[in-house]
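>>> quick one: sequence plus predicted model below, questions after.
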Amino acid sequence: DVKVTQSSRYLVKRTGEKVFLECVQDMDHENMFWYRQDPGLGLRLIYFSYDVKMKEKGDIPEGYSVSREKKERFSLILESASTNQTSMYLCASSQTTGINQPQHFGDGTRLSIL
Amino acid sequence: GDSVTQMEGPVTLSEEAFLTINCTYTATGYPSLFWYVQYPGEGLQLLLKATKADDKGSNKGFEATYRKETTSFHLEKGSVQVSDSAVYFCALVLTGGGNKLTFGTGTQLKVEL
């Protein structure tokens, strides 16, 4: 089975801090994604990557950046955390750009910014 | 733009009741459609999918049929169990869309004894 592992289940940080959320997948997937999940808004795509060192903005990239130095690892960075970035963050990966390939999700990181 | 609309929850049912969760979509091209499920404290899991009109996706007793004429992909189950309590997300991806999913807002299902 595909395993997508997010480094923390719960994280508490302070306003202005630089925050790193890490995601690792073990199935050699080319594609990786970062979403945030908020009540009433569903999942919204922040950034995605189709290959090492490649990144594309999603629907809500403001205030975030990403890094993909290795194929299996995709990091989400909050450059200067703000309270409106308190949310559940979900990482996903998929095998190819083919439309029939499902995305596999990690268990999420619940981030609180104080 | 592309969008997915789901019925608002929570939906509360008794065990063995019939379930329908409505999903409609708006898309500029020809999407593939998905249902994902999120159990408490977990990430999302793919429940079922359909890639073209009139396809029926099915898994774990759940079914959904891709209806192009009504732009719908309603989720159904004939007899729900307490273990089906979760949040259900409808989603689409466009052909040539690079596997980028557009999600609905999710519908919480609560099944009681």
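Looks like it came in fine.
>>> nearest residue to the residue of chain A at minimum distance from chain B in space, please, no chain neighbours.
Here chain A gets closest to chain B at one residue, residue A:105, 3.5 Å apart by Cβ to the nearest Cβ. Where C-beta positions appear, they are placed from N, C-alpha and C, glycine not excepted. Closest residue in space to residue A:105, ignoring its immediate chain neighbours: residue B:43 at 3.5 Å, by Cβ to Cβ, 6 or more residues apart in numbering or on different chains.
>>> now do the one you found against residue A:93, distance only.
Distance of residue B:43 to residue A:93, computed by Cβ to Cβ, to the nearest Å: 11 Å.
>>> out of the two, which sits in the busier spot?
residue A:93 (28 against 20; other Cβ atoms under 10 Å in any protein chain shown).
>>> the more buried one and residue A:32 touch, don't they?
Yes. The criterion here is Cβ atoms under 8 Å, and residue A:93 meets it with residue A:32 at 4.8 Å.
>>> helices or strands up against the least confident helix or strand in chain B by mean pLDDT?
In chain B, the helix or strand scored least confidently by mean pLDDT, DSSP states H and E is strand B:102-103, which has a mean of 90. Judged by 3 or more Cβ pairs under 8 Å, 6 or more residues apart in numbering or on different chains; DSSP states H and E, the packing partners of strand B:102-103 are strand A:42-49, strand B:3-6, strand B:86-94.
>>> okay, now the sheet partners of that strand, with direction.
With DSSP bridges as the test, strand B:102-103 is paired with strand B:86-94 (antiparallel).
>>> put the alpha carbons of the strand it pairs with into PDB.
Only the C-alpha atoms of strand B:86-94 are listed here, as PDB (Å, rounded to 0.1, in the frame of the first residue of the first chain):
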ATOM      1  CA  ALA B  86     -17.300  10.000   8.100                       C
ATOM      2  CA  VAL B  87     -17.000  13.000   5.900                       C
ATOM      3  CA  TYR B  88     -17.500  12.400   2.100                       C
ATOM      4  CA  PHE B  89     -16.000  14.600  -0.600                       C
ATOM      5  CA  CYS B  90     -17.000  14.700  -4.200                       C
ATOM      6  CA  ALA B  91     -14.200  15.800  -6.600                       C
ATOM      7  CA  LEU B  92     -13.400  16.200 -10.200                       C
ATOM      8  CA  VAL B  93     -10.300  16.300 -12.400                       C
ATOM      9  CA  LEU B  94     -10.300  17.500 -16.000                       C
END
